[in-house]
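In: what shape does this take:
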Amino acid sequence: MQEKEILGIRPIKLIDIKAFGDYGSHWLSNDYLLSKLLIQNILYAAYHEPISIAEIAKLLSIPKNVVEEDIDFLEKNGFMINTSSDIYLTNMLLHDYSPETQEKLHSLYTKAATDVCDKYIPSLIDVATQLSSSITTNETIKNINDFNVFLWSLTTFACSRKYILPNIDNQLEKYYAKRKDESHNLAYATVIKDHHYAHDYELYRCYGDTDFTIAPDIFPFRIWLFNTIYSSRADGKIACAFAGFPDLYDFIHNQIENDPDKEERMERIVKNGLVVNDAVNTIVIKKSLKDFADLLPAMPDELAEVNHELDAQVYKLCKSQYPPHLQNLFRVFCKNTLNSGGVKTRILEQLLKKEILKPLTENQKKTVNMMMFLEI
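Out: Reported below is the predicted structural model:
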C-alpha cells in the first residue's frame with residue numbers, strides 16, 4: 001500500500017482493468033475513462049477508507065472542481081459510493097500487493113503450476129494427440145509442426161474450462177454494481193508501482209482468457225483467446241473483436257473471392273496474422289466450444305484438493321491488503337485460483353523449460369492461445 005500523502009507527486013497506475021458480468025454498451029467509454037491516471041488515483045485515494053472530495057483534491061494537488069466532475073462520473077457508474085454528504089468510498093476491487101506478497105504469491109503459483117504439469121498435462125497430451133487430426137491450422141512454416149501450436153493453445157484452454165469450481169459466478173454476482181448504461185458487473189484492476197521483484201513479474205502478465213461472438217446470426221462462430229507475453233497482438237476482448245474474424249470465416253468458406261471488398265478484407269486478416277501465405281494461421285475447431293471442451297480430460301480429484309488449498313493460502317496471505325469493506329468480496333474472488341492467469345502462465349513457462357512446448361515463430365505468436373469454434 002502506498003502512502004496516500006504522496007499521490008500528488010508519485011501517482012499509482014492501474015493495469016489489467018477488467019470486469020466480471022455484463023460489459024454493457026458504455027464499457028468502451030468506461031474503460032477509456034478508467035485508464036486516465038487522474039481517475040485511477042481518485043479511486044486509490046478513497047480505496048482503503050472513506051474520504052471527502054476536499055481531501056482527495058488536496059492529496060492529488062488538483063482543484064476541487066476537477067475532482068468533483070470525475071467523482072460524479074465514478075459515482076453514477078457505480079465505481080464509487082457516496083457514504084454521507086461528500087464522503088466517498090471506492091467500490092472497485094484493486095489488487096495492491098507489496099513486493100513481499102508478490103514473491104510469496106509467485107512461490108504459491110509456481111508450486112501449483114508444477115502440480116498441474118505433473119498431474120494433468122500428460123493426460124491432456126494424450127487427448128491432444130487423438131484430437132489433432134480434426135484441427136485446421138495449415139501453418140506453412142516448416143519444422144514447427146502444427147501439433148506444437150495446438151498444444152500451446154489447448155493447454156491454456158483446457159485449464160480455463162476444466163479448472164472451474166461450480167457456482168463461483170453466482171457467488172460473485174451479489175457484488176456486481178449497476179452501471180449507468182444498465183450493465184451489471186464487478187470491475188477490478190491491479191495497482192502497479194515502482195517495485196523491483198526477485199522474479200520477472202512481466203513474464204506472467206496476461207489478459208483476455210475469454211470467449212465471444214460477434215454477430216452469431218450471420219457468423220456462427222465463437223472466438224476464444226488468452227493473451228500472454230508469448231503472444232503478439234492487441235490486448236483485450238474489444239480490440240480482438242475487430243481483428244477480422246468475420247473475414248476469416250468467409251475466407252475459410254470461400255466466400256471472399258468475389259467480394260468487391262476482397263482486397264481490404266484480405267489485408268485485414270493478413271495484417272492480424274489470421275492468414276499467412278494464403279493459408280489459415282489460427283486453430284479452427286469444427287465443433288462448438290462446449291462440445292470441444294467436453295472432449296478434454298476432467299480435473300483430477302487430487303488437483304481439486306490443490307485448488308482448494310491454494311485458494312485458502314492466497315486468501316490468508318492477501319486478505320490484510322484489502323480494505324474491510326471488500327474483504328468478503330476478495331474471499332469469493334480468490335476462489336478457483338488454479339484457474340488464474342498467474343498459474344496458467346507459469347504452466348506455459350514450465351512446459352517450455354521441459355521442452356514439451358517448443359518456441360513459437362513470429363507468425364504463430366500472432367494467433368497462439370486463440371481458437372475459432374464453428375458453431376455447426
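
In: ramachandran angles for Ala19?
Out: Ala19 adopts backbone torsions of phi -150, psi 140, taken as degrees, to the nearest 10.

In: looking at it now. What's its pLDDT?
Out: We note a pLDDT of 82 for Ala19 in this prediction.

In: mind checking the SS state of the residue of the chain positioned farthest from its centre?
Out: No residue in the chain sits farther from the centre than Asn258, which is 37.5 Å out by C-alpha atoms, centre = their mean. What DSSP: H, G, I helix; E, B strand; the rest coil gives for Asn258 is coil.

In: and stretch 363-376, which residues are buried?
Out: 363-374 (16 or more other C-beta atoms under 10 Å). Where C-beta positions appear, they are placed from N, C-alpha and C, glycine not excepted.

In: what mean pLDDT would you report for it?
Out: For stretch 363-376, mean pLDDT rounds to 89.

In: got JSON lines for the buried residues of stretch 363-376, with secondary structure and distance to Pro300 too?
Out: Below are the buried residues of stretch 363-376 laid out as JSON lines (DSSP: H, G, I helix; E, B strand; the rest coil; distance: C-beta to C-beta, whole Å):
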{"residue": "Asn363", "secondary structure": "helix", "distance to Pro300": "35"}
{"residue": "Gln364", "secondary structure": "helix", "distance to Pro300": "30"}
{"residue": "Lys365", "secondary structure": "helix", "distance to Pro300": "31"}
{"residue": "Lys366", "secondary structure": "coil", "distance to Pro300": "33"}
{"residue": "Thr367", "secondary structure": "coil", "distance to Pro300": "30"}
{"residue": "Val368", "secondary structure": "coil", "distance to Pro300": "26"}
{"residue": "Asn369", "secondary structure": "coil", "distance to Pro300": "23"}
{"residue": "Met370", "secondary structure": "strand", "distance to Pro300": "27"}
{"residue": "Met371", "secondary structure": "strand", "distance to Pro300": "24"}
{"residue": "Met372", "secondary structure": "strand", "distance to Pro300": "29"}
{"residue": "Phe373", "secondary structure": "strand", "distance to Pro300": "25"}
{"residue": "Leu374", "secondary structure": "strand", "distance to Pro300": "30"}
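
In: farthest-apart pair in these, please.
Out: The span of these, defined through C-beta to C-beta, is set by Lys365 and Leu374 at 23.7 Å.

In: can you tell me which of the buried residues of stretch 363-376 is closest to Pro122?
Out: Of all the buried residues of stretch 363-376, Pro122 sits closest to Asn369, with 20.3 Å by C-beta to C-beta.

In: look up how far Asp250 lies from the residue farthest from the centre of the chain.
Out: 11 Å (C-beta to C-beta, to the nearest Å).

In: please apply the same query to Lys104.
Out: 50 Å.

In: hmm, back to that, out of the buried residues of stretch 363-376, who's nearest Leu14?
Out: Nearest member of the buried residues of stretch 363-376 to Leu14, counting by C-beta to C-beta, is Asn369, at 24.0 Å.

In: these two touch, right, the closest one and Ile229?
Out: No. Using C-beta atoms under 8 Å, Asn369 makes no contact with Ile229, being 11.0 Å away.

In: how many other residues sit next to the residue lying closest to Ile87 once chain neighbours are set aside?
Out: Residue nearest to Ile87 in three dimensions, not counting chain neighbours: Pro50, with 4.7 Å by C-beta to C-beta, 6 or more residues apart in numbering. Close neighbours of Pro50, defined as other C-beta atoms under 10 Å, add up to 16.

In: just Pro323 next, same as before
Out: For Pro323, the tally of surrounding residues (other C-beta under 10 Å) stands at 18.

In: what's the first helix or strand after the worst-scoring helix or strand of the chain on mean pLDDT?
Out: Ranked by mean pLDDT, DSSP states H and E, the weakest helix or strand in the chain is helix 236-241, scoring a mean of 48. Downstream of helix 236-241, the first helix or strand assigned by DSSP states H and E is helix 245-252.

In: what is the orientation angle of the helix or strand just after that following helix with helix 245-252?
Out: Once the chain leaves helix 245-252, the next helix or strand it forms, by DSSP H and E, is helix 262-271. With axes from the mean of the first three to the mean of the last three C-alpha atoms, to 10 degrees defining the directions, helix 262-271 sits at 110 degrees from helix 245-252.
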